[in-house]
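Colleague: Take a look and give me a structure for this.
(one chain, ligands or ions: 1)
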Amino acid sequence: MTSYFASHALIDGNVQRDVRLKAVDGHWAEITASVTKTADDIELPGIALPGMLNAHSHAFHRALRGRTHGDGGTFWTWRTRMYEAASRLDPDRYFALARATYAEMVAAGYTSVAEFHYVHHAPGGSSYDDPNAMGKALIAAAREAGIALTLLDVCYLHGGLDATGYTELDPLQQRFSDGDMDSFLARHDRLVSETGGEATIGLAAHSVRALTPDELRRLATAAGGGILHVHASEQLAEVEMCQAVHGMSPIALLAETGMLHANASVVHGTHLSETDIRLLAEAGATVAFCPTTERDLADGIGPARALIDAGAHLAIGSDQHAIIDPFAELQALEGHERLTSHNRGNFPPGQLLQIATNPVPVGYEHAGLCVGAPADVVAIDAHSTRTAGSEPTGIVMTASAADVTDVVVAGERIVAADQHRVRDVGAALSAAMEEIWPAH
Ligand SMILES: [Zn+2]
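Modeller: Okay, the predicted model is just below:
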């Protein structure tokens with residue numbers, strides 16, 4: 001049992017004073033307000049917030065930060081650069097980059113991450129001796145960085161969708177593919193049996209561009225109503241092509257193939273029709289918005305408020321890691337909605353924290369500062385240049401990742417007084433980056 005004490009904690013959107021949080025076996029066993037601190041309590045300074053859950057990550061995209069802004073272009077030219085980074089990965093480099101990226105995430109206030117993992121094989125598509133060497137590198141990286149990992153094993157079988165139908169994988173995409181659905185499921189079963197106790201393992205379809213309707217159906221059956229993620233409707237080109245080839249939108253195709261349900265997370269959902277919104281709501285699905293990525297890649301602004309109003313659920317993800325900062329994602333979610341609606345206060349701070357602790361994408365039953373949830377908590381400096389003067393409830397709209405001083409994950413203190421247990425996270429990131437982009 002470990003006991004933490006916070007003079008201020010934001011619980012269900014309200015400020016509670018003098019709160020003791022007791023962690024037993026990685027979960028909150030007792031949360032009591034208006035108590036007196038004892039010598040056994042570990043003090044969390046500032047304001048305690050729930051640990052935030054990152055619903056969508058590609059750890060290796062961190063290698064692209066600050067390297068894609070010079071030449072203009074579109075999402076699709078950015079993707080060429082991303083494939084180049086993917087082509088430089090091997091299990092050791094992947095481990096080093098993911099370990100540093102996950103440490104950056106924890107230091108920013110994320111306590112759990114859903115990693116959308118598709119770089120399965122060696123360049124060219126041949127398998128490593130252990131066909132899950134890359135996935136296991138991510139599991140080891142998360143363990144060292146102190147973040148709870150939900151590893152999404154992504155099925156990726158086709159290069160794309162054009163007017164002629166599904167296209168062949170190009171050479172850079174071949175390492176993402178297992179060749180066919182049987183081989184994917186066989187590798188996935190092995191991953192589950194060999195690593196199931198070390199990380200939560202889920203299933204994902206890369207997109208409606210990478211799997212045919214029959215393959216989507218088989219994947220949904222394999223998931224059996226459990227954790228299932230898919231990218232959808234991020235780019236208008238995808239929506240238009242899906243409409244042209246299948247006569248329906250990507251969301252309608254996902255609904256038709258059994259991919260939408262209460263444990264399903266649709267990533268992005270930027271370009272949605274009213275029918276799409278209704279289908280997502282009827283399924284009780286979660287839509288994982290990645291606002292700083294969607295802004296960086298010029299995707300567009302998704303209908304966040306309309307989804308919530310219809311009955312769907314939202315979550316946030318840092319996706320390509322142009323920024324790793326849950327506060328920036330939440331501020332962008334509200335800010336983007338203000339720009340499109342011309343209204344302020346679309347998501348009150350308590351609701352933003354609820355969105356950041358949606359347990360579905362990572363496969364938790366509960367999350368947040370409540371008994372039974374994983375014992376995750378983040379302490380924010382209430383007197384920084386950004387936060388000084390904010391009301392405690394308003395701090396969600398003023399804080400940044402730089403204001404996180406302490407982070408507890410599953411009852412264990414991973415960041416203490418601004419110091420992550422990895423020590424110099426910036427140096428770890430730089431060293432990992434030098435392996436991916438060696439100086440010439
Ligand atoms: Zn993504």
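Colleague: what residues are up against I301?
Modeller: 270, 294, 336-337, 339-340 (CB atoms under 8 Å, 6 or more residues apart in numbering). In short, each C-beta sits where N, CA and C put it, glycine included.
Colleague: nearest to A322, of the residues you listed?
Modeller: The nearest member of these to A322, counting by CB to CB, is E294 at 10.2 Å.
Colleague: excluding its backbone neighbours, what's nearest G302?
Modeller: Counting by CB to CB, 6 or more residues apart in numbering, G302 lies nearest to T270, which is 4.3 Å off, once chain neighbours are set aside.
Colleague: OK, contacts around that neighbour?
Modeller: 233-235, 294, 299-302.
Colleague: what do you get if the cut-off is 10 Å, keeping everything else the same?
Modeller: 232-236, 238-239, 287, 289-291, 294, 297, 299-303 (CB atoms under 10 Å, 6 or more residues apart in numbering).
Colleague: Also H366?
Modeller: For H366, the contact set (CB under 10 Å, 6+ apart) comprises 27-28, 357, 359, 372-374.
Colleague: Now do the same for it: helix, strand or coil?
Modeller: Three-state assignment for H366 (DSSP: H, G, I helix; E, B strand; the rest coil): coil.
Colleague: Also V378?
Modeller: Put simply, V378 is strand when judged by three-state DSSP.
Colleague: State the number of residues packed around it.
Modeller: Neighbours of V378 under the rule other CB atoms under 10 Å: 27.
Colleague: Check H27 too.
Modeller: A total of 16 residues lie near H27 under the criterion other CB under 10 Å.
Colleague: what's near enough to touch it?
Modeller: 366, 371-376, 410-411.
Colleague: Measure how buried A373 is and give me the count.
Modeller: Using other CB under 10 Å, A373 has 19 other residues around it.
Colleague: Surely it is in contact with W28?
Modeller: Yes: using CB atoms under 10 Å, A373 is in contact with W28, at 5.5 Å.
Colleague: Quick check: closest non-adjacent residue to P291.
Modeller: Of all residues not flanking P291 in the chain, A332 sits nearest, at 3.5 Å (CB to CB, 6+ apart).
Colleague: just to revisit the earlier point, now, the contacts of I301 that are in helices?
Modeller: Judged by DSSP state H, helices contain the following of those: 294, 336-337, 339-340.
Colleague: Pull out the buried members of the residues you listed.
Modeller: Buried subset of the ones in helices among the contacts of I301 (neighbour count, 16 or more other CB atoms under 10 Å): 294, 336-337.
Colleague: could you dump these to TSV with pLDDT and distance to I201?
Modeller: Shown next, in TSV, are those (pLDDT from 0 to 100; distance: CB to CB, whole Å):
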residue	pLDDT	distance to I201
E294	95	27
H336	97	32
E337	97	34
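Colleague: Return the member of those residues nearest to H58.
Modeller: E294 (14.2 Å).
Colleague: Which residue ranges of the chain form helices?
Modeller: Using DSSP H, helices in the chain cover 75-87, 91-108, 133-145, 181-195, 213-223, 236-246, 250-256, 274-283, 291-296, 304-310, 326-341, 349-356, 425-436.
Colleague: C-alpha coordinates for the first one, PDB please?
Modeller: Once non-C-alpha atoms are left out, helix 75-87 reads as follows in PDB (Å, rounded to 0.1, in the frame of the first residue of the first chain):
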ATOM      1  CA  PHE A  75      -0.600  14.800 -45.600                       C
ATOM      2  CA  TRP A  76       0.500  12.500 -48.400                       C
ATOM      3  CA  THR A  77       3.900  14.100 -48.800                       C
ATOM      4  CA  TRP A  78       4.300  14.000 -45.000                       C
ATOM      5  CA  ARG A  79       3.500  10.300 -45.200                       C
ATOM      6  CA  THR A  80       6.500   9.800 -47.600                       C
ATOM      7  CA  ARG A  81       8.800  11.200 -44.900                       C
ATOM      8  CA  MET A  82       7.200   9.100 -42.300                       C
ATOM      9  CA  TYR A  83       7.800   5.900 -44.300                       C
ATOM     10  CA  GLU A  84      11.400   7.000 -44.500                       C
ATOM     11  CA  ALA A  85      11.600   7.000 -40.700                       C
ATOM     12  CA  ALA A  86       9.900   3.600 -40.600                       C
ATOM     13  CA  SER A  87      12.400   2.200 -43.000                       C
END
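Colleague: Rounded mean pLDDT for that helix, please.
Modeller: Helix 75-87 comes out with an average pLDDT of 87.
Colleague: ok, and what's touching that helix?
Modeller: Residues outside helix 75-87 that contact it (CB under 10 Å, 6+ apart) are 58, 60-64, 67-69, 71, 73, 94, 97, 118-119, 123-124, 160, 170-173, 175-176, 234-238, 294, 296-299, 320, 436-437.
Colleague: re earlier: need the helices of the chain in a markdown table (columns: distance to L49).
Modeller: Formatted as a markdown table, the helices of the chain follow (distance: least, CB to CB, whole Å):
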| stretch | distance to L49 |
| --- | --- |
| helix 75-87 | 32 |
| helix 91-108 | 12 |
| helix 133-145 | 20 |
| helix 181-195 | 31 |
| helix 213-223 | 32 |
| helix 236-246 | 35 |
| helix 250-256 | 32 |
| helix 274-283 | 28 |
| helix 291-296 | 19 |
| helix 304-310 | 20 |
| helix 326-341 | 9 |
| helix 349-356 | 7 |
| helix 425-436 | 20 |
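Colleague: of the ones you listed, which approaches I42 most closely?
Modeller: Among the helices of the chain, if distance is taken as CB to CB, the winner is helix 91-108, at 17.0 Å.
Colleague: for the closest one, what is the average pLDDT?
Modeller: Throughout helix 91-108, pLDDT has a mean value of 98.
Colleague: That helix: how far from the chain's middle?
Modeller: Using CA atoms, centre = their mean, to the nearest Å, the mean C-alpha position of helix 91-108 is found 14 Å from that of the whole chain.
Colleague: Could you do stretch 406-420 as well?
Modeller: Distance, centroid of stretch 406-420 to centroid of chain: 20 Å (CA atoms, centre = their mean).
Colleague: just stretch 133-147 next, same as before
Modeller: When distances are taken as CA atoms, centre = their mean, stretch 133-147 is centred 15 Å away from the chain's centroid.
Colleague: so L280 makes contact with A264?
Modeller: Yes: in this structure, L280 is within contact of A264 by CB under 10 Å, at 9.0 Å.
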